[in-house]
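Q: sequence unknown, structure follows:
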């Protein structure tokens, strides 16, 4: 059930183009020239990084169905390698970065997941994660989709530290989204879906939040971006 719900949400978020553009732009500076993405889903972020000029990218998923969708999407792009990957069973690699967007919260042992991610990266490379923030926003939807936790900057730093990854950067993202998520998902018990509300929010609120947060780092947000360096 969680997997099918996750797939529907990924398809819904395909319509949130400004949001996807924002998140992909925050991650892009840390990728280097040969990153690997864990849990690539439908490939939305990968497509945006490639459009931005990324020379090479490995996309992966632990769902055979999503891997097949990724193969179809990137079949004509020679810069892209598509692989099935169970992160906790991953072998060593030499990528310039390992990025996981909305993945770590789905893994029971997040420390083991971070250690596995760092094993895929060469010395000096980055482990980049984007995760949901603040347990106060946790909802029935979080549990249904398979979330084990939401993070604060302190708890995510602790997870990185326990995994042997010094944190280079950590920031909250999308301050207005935290309020909207808490009200909509926790108290009104809604489910994200494509439609007028999502598209209006993406068209009006997200560009404004992106501009403001490019100048001011908020003390809270719907999500949290963190970057660790492999020593």
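A: Great, that's in hand. Keep in mind it's a predicted model, so treat the numbers as computed, not measured. Numbering: from 1, shown residues only.
Q: Residue 76: neighbour count?
A: Other residues within reach of residue 76, judged by other C-beta atoms under 10 Å, total 7. C-betas here are computed from N, CA, C, even on glycine.
Q: Residue 114 now?
A: For residue 114, the tally of surrounding residues (other C-beta under 10 Å) stands at 27.
Q: Check for me that it belongs to a strand.
A: No. According to DSSP: H, G, I helix; E, B strand; the rest coil, residue 114 belongs to no strand; its state is helix.
Q: ok, it touching residue 103?
A: No. Counting by C-beta atoms under 8 Å, no contact exists between residue 114 and residue 103, whose distance comes to 10.8 Å.
Q: Overlap in contacts, those two.
A: The overlap between the contact sets of residue 114 and residue 103 (C-beta atoms under 8 Å, 6 or more residues apart in numbering) consists of residue 129.
Q: mind listing the strands for this structure?
A: If DSSP state E is used as the criterion, the strands of the chain fall at 36-38, 57-61, 80-84, 95-101, 121-132, 167-173, 223-229.
Q: Spatially central residue in the protein, please.
A: The centroid of the chain falls nearest to residue 101 when counting by C-alpha atoms, centre = their mean (1.2 Å).
Q: my guess is that one meets residue 39, correct?
A: Yes. A contact is recorded between residue 101 and residue 39 when judged using C-beta under 8 Å, the distance being 7.2 Å.
Q: before we move on, back to that, contact partners for the residue nearest to the centre of the chain?
A: Applying C-beta under 8 Å, 6+ apart, the residues contacting residue 101 are 23, 27, 37, 39, 45, 129, 130.
Q: With distance to residue 206, neighbour count and pLDDT added, can I get those residues in TSV?
A: Supplementary listing: those in TSV, determined by distance: C-beta to C-beta, whole Å; neighbours: other C-beta atoms under 10 Å; pLDDT from 0 to 100:
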residue	distance to residue 206	neighbour count	pLDDT
23	10	23	98
27	16	23	98
37	22	27	98
39	22	22	97
45	15	23	97
129	21	29	98
130	15	21	98
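Q: any chance of those residues in a markdown table, with distance to residue 177 too?
A: Rendered in a markdown table, the data for the contacts of residue 101 read as follows (distance: C-beta to C-beta, whole Å):
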| residue | distance to residue 177 |
| --- | --- |
| 23 | 11 |
| 27 | 17 |
| 37 | 22 |
| 39 | 20 |
| 45 | 17 |
| 129 | 17 |
| 130 | 13 |
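Q: for the residues you listed, which one is nearest residue 160?
A: Distance to residue 160, by C-beta to C-beta, is smallest for residue 129 among the contacts of residue 101, at 8.5 Å.
Q: Alright, calling it a day.
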